Structures are given as C-alpha cells and as structure tokens.
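In: Fold the following.
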Amino acid sequence: MDSQADTTLLYRIDPALNMARFYRLSIQPTLFGGSSLVRHWGRIGTMGRQKVELFDTSVEAAAAGERMAGRKLRRGYRHASAARAAQEIVMPQGAKTALAGFVEPATPAE
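Out: The predicted structure follows:
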C-alpha cells in the first residue's frame, strides 16, 4: 500500500483474453477504533464486488493489504499508472460511455 494514500488501485487488461478488470484496496477506520481493509474488484465498467475485513490496528490492515496487492501483482495486475496506456486499447480516448455521464436520450413513444 502507498504510505501517503490509503488506496491502491490495480488493473489487469488483456484484449486477447477479453479481460478488463480492476482491484482496489483501501484502509478505512471503523467506528470502534480499529481499521478495515476494503477490497473492491470487478470488470471495468461494472459495479463489481466488495469485501470488508476488520483488523484491530491499521498496521495489521496495511500488512494484509500489502499481501493482497502482492498476490494480485503476481497474477498480472498492474498499478493504475502502468495500466493507463493499456486501458486505451479497451476504451479509446474520447469514447463516450455511461460511466462518463453519457446516456442516450429517451425518445418518447408516439
């Protein structure tokens, strides 16, 4: 995990396998003084899935986040900065998507 930020974002993009995935790890405080590791993953452009793991300290949560990030990096995921160029293969620059706020206007039925 990055020491300045509590969030790590990883991508795995492979057009040959029709694969475009994201994996986000973030450390967040709990209401009872502990820390949680929030894992959020899925296909790029979807809501994805989320899992929360609770820890007593932020050090334990950070260690678990590092282990999980290491696992994902070994499986072919790359940090967000390294995946920017590869993402253009999947979604060309200037393409309009629902995530970018583009929604087809509804045509009234007559």
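In: which residues of the chain fall in strands?
Out: Along the chain, counting by DSSP state E, strands occupy 7-14, 19-29, 35-43, 49-55, 78-79.
In: Quick one, which of the ones you listed gets closest to Ala62.
Out: strand 19-29 (6.0 Å; Cβ to Cβ). Bear in mind the C-beta positions are built from the backbone N, C-alpha and C, glycine included.
In: Now do the contacts for Thr53.
Out: Let me fix one detail, which is that residue 53 is Glu and not Thr. With contacts defined as Cβ atoms under 8 Å, 6 or more residues apart in numbering, Glu53 is in contact with Ser36, Leu37, Arg39, Ala61, Ala64.
In: what residues does stretch 23-34 touch?
Out: Stretch 23-34 has contacts (Cβ under 8 Å, 6+ apart) with 1, 6-12, 35-41, 54-58, 61-62, 65, 68-69, 72, 77.
In: again, 10 Å this time
Out: 1, 5-12, 35-42, 48, 50, 52, 54-62, 64-66, 68-69, 71-73, 75, 77, 80 (Cβ atoms under 10 Å, 6 or more residues apart in numbering).
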